[in-house]
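> coordinates for the following, if possible.
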Amino acid sequence: MIDPRLQKFPGFRAAMSVLMLLSLVQALAILGQSYGLTESLVRLWQLRSLDALPVPVAVFAGSFVLRQLCEVGKQRVGTRFADRTIAELRPRVQRAIFAAGPSSMARRGTGATVKMLIDGLDQTKTYIQTVLPKMMDMSIIPVAVLIVVWSQSWLSGLVLLCALPLLIFFMAILGIAARDKSDRQYEQFRMLNNRFVDTILGLPTLKMLGVSQAYEREVYTVSERFRRRTMAVIGVAMTSTFALDFFTTLSIAIVAVFLGNNLIGGAIALFPALFALILAPEYFLPIRQFGNDYHATLNGKNALNDIMTLLETPAPPRDETTAWDGWTPSSTLALHDVTFSYPRAEEPTAPAKPSTPDRGRRRRGERATTASAETTVSLGPVVLDGLDLELHGHERVAVIGRSGSGKSTLVNLLAGFHLPQYGTITLDGTPLPHLNVAAWQRHISYIPQTPYIFHGSIADNIRFYRPDAPDDEVRVAANRAGLADWLATLPHGLDTAIGEGNRGISGGQAQRIALARVMLDGSREILLFDEPTAHLDIETEYELKRTLLPVMRDHLVILATHRLHWLDDVDRVVVLDHGRIVEQGDPRELKGRGGALDELIGEMGGNQIDGYHTND
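All right, here's what the predicted structure looks like:
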């Protein structure tokens, strides 16, 4: 069936009107073609002269040409509407992805998102340009044929009329089975896309750890499961085709038997009997074509549903109006009683609407549902639980804790990627419901564990924040980030192509390129680091650290890390445990007090790191 949401796209009604007109003309052409063929055969049977054949043959040939022209016209109308629809959808999908933010896309998966943008839109185009003409044909042509057959032989018309509901009934049953299996196959395909992309990105790590062969078996298992589900869908499609052909052939055979008996008994003349028999296959042809194409377009229908679900999901609220001049040595950011939970993966991924803390608090591990005017979001366990944190001036703050304690979530919340469900945020005295504020984000540089390297030159990658930066400033930023020695070994220097399909780079080089982006744009006074050295060896990390420390001067720095040697170079440490701040202060003063910091250092073997130990 046609997805009703297609009616919202411009040009839908015009396209359907033209398709309806072309289907009506094609129905008349089918009747004319059948009439010409029948009249020619009857005249030959009656042994008339050849002079009696030109008129019916001309009617047959003209109707045949008109029928094919209508078919070509419907294909062009469907393709044109599909092209316009996809041309409108593509930028809307891209804007929706950017508006949803990295947290929403992380839940969707990189592979599934890429698949939706590339294959999904192509499959949607195939679905639109195929289904619309077929649906219009199925609505008009059988009715026109049935009326004419009934006028020639009411018994044949009755057989065709009774066969149609039976055919539709069995097709509906098989169609539902095919749809359910196709939905499961599509979900498996989305998971396979995500797994494939994650595997490719993590292949060097898998080889380094010596587990690539074990992961190969896992990839084979998932691929085999997808193959079985695909074959199950094909099996249902083959069964559906067999049932369609069987009932169609049986119905035509019954019509032929009745017409033959009536013809022998003299109850009907040769022309109406032959005319009705020739039209009988045309009665079922649109239904057969739609049934055959139904299974081929199921992926397109699923892709369209995926796209429309993304577009209909409300984007996180973004503040474009709040004015803010930037971070200064006297600036303050205060988080009070901030609580955050991720939406459950199986529920709609719309962000929860920020709310006031008087709506009730939840303990970690409890679930809740946050409602807004547009959507209801089921929330998972609490990740940040009643956080109270103040950030001042150009201080350097390290956020440490066990895995899963909420370090990355806190950094993403400060970047405005996550919106808290409860609590208040105050920026230089201005209360804000969240930090997805344009004025705030214009002053932030965010460096994750693995910075994304775009396909292009090194210079273009460094120009991430300033696309129009001149070459000399790019070179200065690259040198300050410690890229000079590496660039000297490259034949094309800053013009060397990197990223997908070109020269590969190491993790340390990627981090330095991310640092060069920060240095090139001096207007960003807030640096957010989400474990920037987590995937680097200790020698590369110390080299990068020497580059990082000068950059941190005159900035507010939030550094989420597992590496305790950074505590020597920060002004304050915040220790997280199960989403709560259990200790904070100057790490040099907290050391040796037997608190949460000492406990964490002991668990991580910190007595061997840069003089940090639990006993003086």
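
> next, the buried residues of stretch 430-447.
Within stretch 430-447, the residues scored as buried using 16 or more other C-beta atoms under 10 Å are 432-437, 439-441, 443-447. Heads up, the C-betas are built off the backbone N, CA and C, glycines and all.

> brain fart, stretch 121-141
In stretch 121-141, counting by 16+ other C-beta under 10 Å, buried: 121, 123-138, 140-141.

> if we can go back for a sec, quick one: which of the buried residues of stretch 430-447 sit in strands?
Cross-referencing these against strands under DSSP state E gives 432, 444-447.

> got phi/psi on I425?
The phi and psi values for I425, taken as degrees, to the nearest 10, are phi -130, psi 130.

> looking at it now. What's its pLDDT?
For I425, the pLDDT comes out at 92.

> tell me how far it lies from P102.
19 Å (C-beta to C-beta, to the nearest Å).

> shaky segments in the stretch 1-150 of the chain?
Within the stretch 1-150 of the chain, the stretches with pLDDT under 70 are 1, 103, 105-106, 109-112.

> which residues in it form helices?
Remark: helices assigned in the stretch 1-150 of the chain by DSSP state H, counting those that start in this stretch are 12-45, 54-108, 110-115, 121-152.

> packing partners of the last one?
The one in question is helix 121-152. When contacts are defined as 3 or more C-beta pairs under 8 Å, 6 or more residues apart in numbering; DSSP states H and E, helix 121-152 packs onto helix 12-45, helix 54-108, helix 154-201, helix 270-296, helix 298-312.

> now do that helix: distance to the chain's middle.
In terms of C-alpha atoms, centre = their mean, to the nearest Å, the centre of helix 121-152 is found 31 Å from the chain centre.

> now swap in the second one and tell me
Relative to its parent chain, helix 54-108 has a centroid offset of 21 Å by C-alpha atoms, centre = their mean.

> from here on, call the first residue 39.
From this message on, residue numbering opens at 39, which makes the last subject helix 92-146.

> what angle separates it from helix 159-190?
Relative orientation of helix 92-146 versus helix 159-190 (axes from the mean of the first three to the mean of the last three C-alpha atoms, to 10 degrees): 140 degrees.

> give the burial count for the closest residue to M173 other than its chain neighbours, as a bare number.
The shortest distance from M173 to any non-neighbouring residue, by C-beta to C-beta, 6 or more residues apart in numbering, is to I40 (5.7 Å). The number of residues packed near I40 is 16, by other C-beta atoms under 10 Å.

> can you pull the contacts of I40?
When contacts are counted by C-beta atoms under 8 Å, 6 or more residues apart in numbering, I40 touches 169-170, 173.

> identify the residues contacting L448.
Neighbour list for L448: 422, 425, 437, 598, 614 [criterion: C-beta under 8 Å, 6+ apart].

> mind checking the SS state of the second one?
State at L425, reduced to three classes by DSSP: H, G, I helix; E, B strand; the rest coil: strand.

> thought it was touching L373?
Yes: L425 is within contact range of L373, at 5.4 Å (criterion: C-beta atoms under 8 Å).

> mind listing the shared neighbours of these two?
G461.

> can you map out the strands along the stretch 489-638 of the chain?
Applying DSSP state E, counting those that start in this stretch to the stretch 489-638 of the chain gives strands spanning 494-495, 535-536, 564-568, 594-598, 610-615, 618-623.

> show me what the last one is packed up against.
Where contact means 3+ C-beta pairs under 8 Å, 6+ apart, strand 618-623 is packed against strand 414-430, strand 610-615, helix 634-641.

> picking that back up, out of the helices and strands packed on helix 159-190, which is closest to K153?
Proximity to K153, assessed across the helices and strands packed on helix 159-190 by C-beta to C-beta, is greatest for helix 192-239 (4.6 Å).

> tell me the confidence at R440?
With respect to pLDDT, R440 scores 87.

> number of nearby residues for it?
For R440, the neighbour count with other C-beta under 10 Å is 15.

> what of L241?
By other C-beta under 10 Å, the residues close to L241 number 12.

> for N337, same thing?
N337 has 21 nearby residues by other C-beta under 10 Å.

> the one 4 residues further on now?
Neighbour count for A341, taken as other C-beta under 10 Å: 23.

> any idea which of the helices and strands packed on strand 618-623 is most buried?
When the helices and strands packed on strand 618-623 are scored by mean count of other C-beta atoms under 10 Å, the highest mean neighbour count falls to strand 610-615 (a mean of 22).

> in its sheet, what does it sit against?
When pairs are called by DSSP bridges, strand 610-615 turns out to pair with strand 434-439 (parallel), strand 618-623 (antiparallel).

> I figured V63 hits C108, correct?
Yes: counting by C-beta under 8 Å, V63 does reach C108; the two are 5.3 Å apart.

> looking at the two, which one has more neighbours?
Under the criterion of other C-beta under 10 Å, the comparison of V63 against C108 puts C108 first, with 23 against 16.

> circling back to that earlier point, can you tell which of the strands of the stretch 489-638 of the chain is closest to F234?
strand 535-536 (22.2 Å).

> what about the closest one, distance to the chain center?
Here strand 535-536 is found 27 Å from its chain centre; the criterion is C-alpha atoms, centre = their mean.

> ok, R128 - how many residues close by?
13.

> my bad, should have said F136
F136: 11 surrounding residues under other C-beta under 10 Å.

> check the one 3 residues further on too.
A total of 20 residues lie near G139 under the criterion other C-beta under 10 Å.

> what's the answer for L465, then?
Per other C-beta under 10 Å, the neighbour tally for L465 reads 19.

> not counting its neighbours along the chain, what's nearest it?
Excluding its sequence neighbours, the residue lying closest to L465 (C-beta to C-beta, 6+ apart) is L371, at 5.5 Å.

> quick one: the one you found is in a strand?
Yes: the assignment for L371 (three-state DSSP) places it in a strand.

> surely it and E433 touch.
No: between L371 and E433 there is no contact under C-beta under 8 Å: 10.9 Å.

> the more surrounded of the two?
The neighbour comparison of L371 against E433 (other C-beta under 10 Å) goes to L371, with 20 against 15.

> so what's the more buried one bridging to?
Applying DSSP bridges to L371 gives these bridge partners: L429, L465.

> contacts only, for it.
Neighbour list for L371: 428-429, 452, 463-466 [criterion: C-beta under 8 Å, 6+ apart].

> tabulate these (TSV), appending distance to T335.
As requested, these are exported to TSV (distance: C-beta to C-beta, whole Å):
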residue	distance to T335
E428	57
L429	53
L452	45
I463	48
T464	53
L465	50
D466	55
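
> tell me which two of those sit farthest apart.
Maximum pairwise distance among those (C-beta to C-beta): 14.9 Å, between L452 and D466.

> neighbour-wise, which of the two wins?
Remark: of L452 and D466, L452 carries more neighbours, 24 against 14, as counted by other C-beta under 10 Å.

> how much space separates that one from S369?
Remark: distance between L452 and S369 (C-beta to C-beta) = 14 Å.

> what do you get for T117?
Note on T117: its distance to S369, by C-beta to C-beta, is 56 Å.

> and V589, how far is that from A552?
Noted for V589: a distance of 11 Å to A552, by C-beta to C-beta.

> more neighbours, these two?
Comparing V589 with A552 by other C-beta under 10 Å, the one with more neighbours is A552, at 23 against 17.
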